[in-house]
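Undergrad: the following comprises the amino acid sequence and a computationally predicted model.
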Amino acid sequence: MKLRKRLITGDGRARSLATLSVACVALAAPTGALASPPAQQVRSPRPLTAPTSGIAAQWAVGAPAARLALTARSAILIEQSTGQVLYAANAGAEVAIASTTKLMTALLTVEHVPRLSTTFTAPNYYAAAADSQIGLAPGERMSVHDLLLGLLIPSADDAAEDLAYNIGGHSVARFVAMMNARARELGLTHTHYSTPSGLDTPGNYSSAADLVKLSVYVLEHHPWLRHAVSLPHALLRSGSHRRYVVSTDTLLSEVPWINGIKTGHTADAGYVLVGSGTRGGMTLVSAVLGTASQAARDASTLALLRYGFSSFGLEHPVVGGSVVARPTVSDSPGVRVGVFTTRGVSEMVARATRLTTRIEVPHQLAGPLRAHTVVGSVVVFDGRRVVARVPLELSRTLPAISPLTLVGRFLSRTTTLIVLVLLIGGASVLARRRWGGRRADGTAEEAEIAAPQVVAERAVAANRASELEQAAGAERAAAVERERRRAEREARRRSGTGDPASTSAQDRA
């Protein structure tokens with residue numbers, strides 16, 4: 001199985017992509033799903049030779065139909081971690097399930113009794129001689145730990161009654177009501193209980209699909225139960241005496257990779273087995289119901305599990321929390337930020353299937369963006385079919401670039417400086433030209449505004465000048481007259497002809 005990746009980035013905006021879970025293939029029960037048949041019909045059930053689930057349509061890749069002819073009334077095979085259905089036939093049919101009922105009894109026990117060392121007193125219950133039991137006597141005290149081992153390994157009915165009676169508040173009926181309530185909570189829609197042990201009782205039934213769903217829940221949530229169902233034998237140390245018990249699931253001691261889970265057998269149910277196996281890091285869970293014998297039950301279980309391991313593989317195309325791309329950061333040369341997957345993807349695929357992944361994230365990211373912001377996705381393809389889409393988130397916060405930083409980076413560039421010098425020089429020349437034009441325009445405008453005032457001032461100045469000139473003319477004329485008279489006096493005095501008295505009067509004048 002090959003896995004290849006290719007990185008595709010784009011300049012588009014980062015967008016939030018919804019998480020797409022790995023989907024389980026829906027069960028498709030064929031028409032005429034069988035109800036629980038009479039006891040005489042159990043020993044010759046019709047074989048199941050064709051899968052009904054979508055993924056098992058890749059049938060030809062694994063075992064052909066002739067190699068997987070199951071003598072079971074209904075059957076199913078799933079991968080535990082993904083829940084993907086690899087094979088299903090009549091998987092939703094409601095049929096008697098015998099002692100696989102005890103899986104729910106065990107689940108309720110560990111959920112309601114926090115300490116397995118707790119001791120219960122056995123009620124007055126007398127099992128039929130043909131029933132599986134560990135021989136509890138009424139009033140015998142045994143630990144919950146050992147009662148669970150007795151319940152799951154040798155499938156003891158008296159252990160089931162003991163647990164139900166004590167957990168149900170001295171009422172088995174109340175415990176059965178608790179079983180049905182828990183079934184509804186777990187979504188077991190084709191399941192109903194009327195007994196804690198699984199003896200043939202009206203209203204006690206389930207389906208292959210519900211049984212593996214319940215089994216996977218038990219395996220994943222209760223490690224102690226997972227360990228208990230894998231034991232081929234055990235020693236019960238509490239009670240009135242020690243008891244050595246052996247599992248009714250003989251495959252546990254015969255096949256190394258088989259690790260559970262629970263058998264069952266009644267006249268109505270036939271032989272039932274919910275099985276599990278782990279190989280190559282992959283765990284498969286199966287259920288076969290209504291087989292005619294223990295040998296047919298074991299053979300059908302092994303056929304299902306081997307088919308799954310040989311035909312399918314568990315791939316992990318996306319690992320959760322891994323950094324898958326490092327886009328650049330806008331306006332930050334040389335800086336990159338990691339984006340990581342928000343979850344992993346595990347996918348069961350046929351051995352010949354070729355998975356591919358495509359990373360969708362922008363070439364460049366720009367802040368401000370908070371850490372864990374979804375900026376892209378990883379898309380997983382099975383051919384052209386989209387198997388999963390995983391969001392990608394930022395590994396750290398991207399702050400916004402400050403304006404001063406942007407200006408500094410812009411100005412530090414040589415080409416930027418040259419352009420700025422040219423722009424500043426051109427702007428200076430243009431400014432001077434505009435200033436000169438504005439100055440000329442301003443002078444003319446000022447002259448035009450000041451013209452009337454200047455004319456008025458000039459007229460006043462002319463009048464003043466004229467007045468001064470007139471005054472100066474009169475003064476000059478008086479001075480000339482005085483000079484003439486003085487000259488005449490001087491002439492008369494020298495000639496001696498003038499009258500001194502008149503001369504003196506004239507001088508005064």
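TA: Perfect, thanks for sending it. Residues are numbered from 1 along each chain as shown.
Undergrad: the bottom helix or strand of the protein by mean pLDDT?
TA: strand 3-10 (a mean of 36; mean pLDDT, DSSP states H and E).
Undergrad: number of nearby residues for the nearest residue to E161 once chain neighbours are set aside?
TA: Nearest residue to E161 in three dimensions, chain neighbours excluded: Y125, at 4.4 Å (Cβ to Cβ, 6 or more residues apart in numbering). In short, each C-beta sits where N, CA and C put it, glycine included. Per other Cβ atoms under 10 Å, the neighbour tally for Y125 reads 18.
Undergrad: how near is Y125 to E481?
TA: 172 Å (Cβ to Cβ, to the nearest Å).
Undergrad: same question for L86.
TA: For L86 relative to E481 (Cβ to Cβ), the value is 151 Å.
Undergrad: who has more neighbours, those two?
TA: Legend: neighbour count by other Cβ under 10 Å for L86 and E481, higher for L86 (26 against 10).
Undergrad: just to revisit the earlier point, surely the residue nearest to E161 and D162 touch.
TA: Yes. Counting by Cβ atoms under 8 Å, Y125 does reach D162; the two are 7.3 Å apart.
Undergrad: what is in contact with those two at once?
TA: L136 (Cβ atoms under 8 Å, 6 or more residues apart in numbering).
Undergrad: before we move on, the earlier item: which element follows the least confident helix or strand of the chain toward the C-terminus?
TA: The helix or strand immediately downstream of strand 3-10 is strand 74-79, counting by DSSP states H and E.
Undergrad: tell me what that next one is packed against?
TA: Applying 3 or more Cβ pairs under 8 Å, 6 or more residues apart in numbering; DSSP states H and E, one finds that strand 74-79 contacts strand 85-89, helix 208-221, strand 282-291, helix 294-311.
Undergrad: burial count for K102?
TA: Number of residues near K102 (other Cβ under 10 Å) recorded here: 27.
Undergrad: next, it: secondary structure please.
TA: helix (DSSP: H, G, I helix; E, B strand; the rest coil).
Undergrad: and the gap between it and I76?
TA: Distance of K102 to I76, given as Cβ to Cβ: 19 Å.
Undergrad: likewise V172?
TA: 30 Å.
Undergrad: of these two, which one has the most company?
TA: Set V172 next to I76 and count neighbours by other Cβ under 10 Å: I76 wins out with 31 against 21.
Undergrad: that one pairs with what?
TA: A88, A287 (DSSP bridges).
Undergrad: for L394, same thing?
TA: With DSSP bridges as the criterion, L394 is bridged to V339.
Undergrad: help me confirm that it comes into contact with V337.
TA: Yes. With contact defined as Cβ under 8 Å, L394 reaches V337; the gap is 6.3 Å.
Undergrad: which residues are in contact with both of these two?
TA: With Cβ under 8 Å, 6+ apart as the test, L394 and V337 both reach L365.
Undergrad: list the contacts for A366?
TA: By Cβ under 8 Å, 6+ apart, A366 lies in contact with V329, S330, D331, L398.
Undergrad: mind giving me a markdown table with these and columns for pLDDT, secondary structure and distance to A269?
TA: A markdown table is the format used below for the contacts of A366 (pLDDT from 0 to 100; DSSP: H, G, I helix; E, B strand; the rest coil; distance: Cβ to Cβ, whole Å):
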| residue | pLDDT | secondary structure | distance to A269 |
| --- | --- | --- | --- |
| V329 | 90 | strand | 65 |
| S330 | 86 | coil | 67 |
| D331 | 79 | coil | 71 |
| L398 | 88 | strand | 62 |
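Undergrad: between which two of these is the distance greatest?
TA: By the measure Cβ to Cβ, D331 and L398 form the most distant pair in these, at 10.6 Å.
Undergrad: compare the two (neighbour count), which wins?
TA: Ranked by neighbour count (other Cβ under 10 Å), D331 and L398 place L398 first, with 20 against 15.
Undergrad: ok, how many other residues are close to the closest residue in space to the more buried one that isn't next to it in sequence?
TA: Excluding the flanking residues, the one nearest L398 by Cβ to Cβ, 6+ apart is G367, at 3.6 Å. Each residue near G367 was counted by other Cβ under 10 Å, and the total is 16.
Undergrad: which SS class is G367?
TA: Applying three-state DSSP to G367 yields a three-state assignment of coil.
Undergrad: before we move on, what about the one 5 residues further on?
TA: Put simply, H372 is coil when judged by three-state DSSP.
Undergrad: and it, how far is that from L107?
TA: Distance of H372 to L107, given as Cβ to Cβ: 37 Å.
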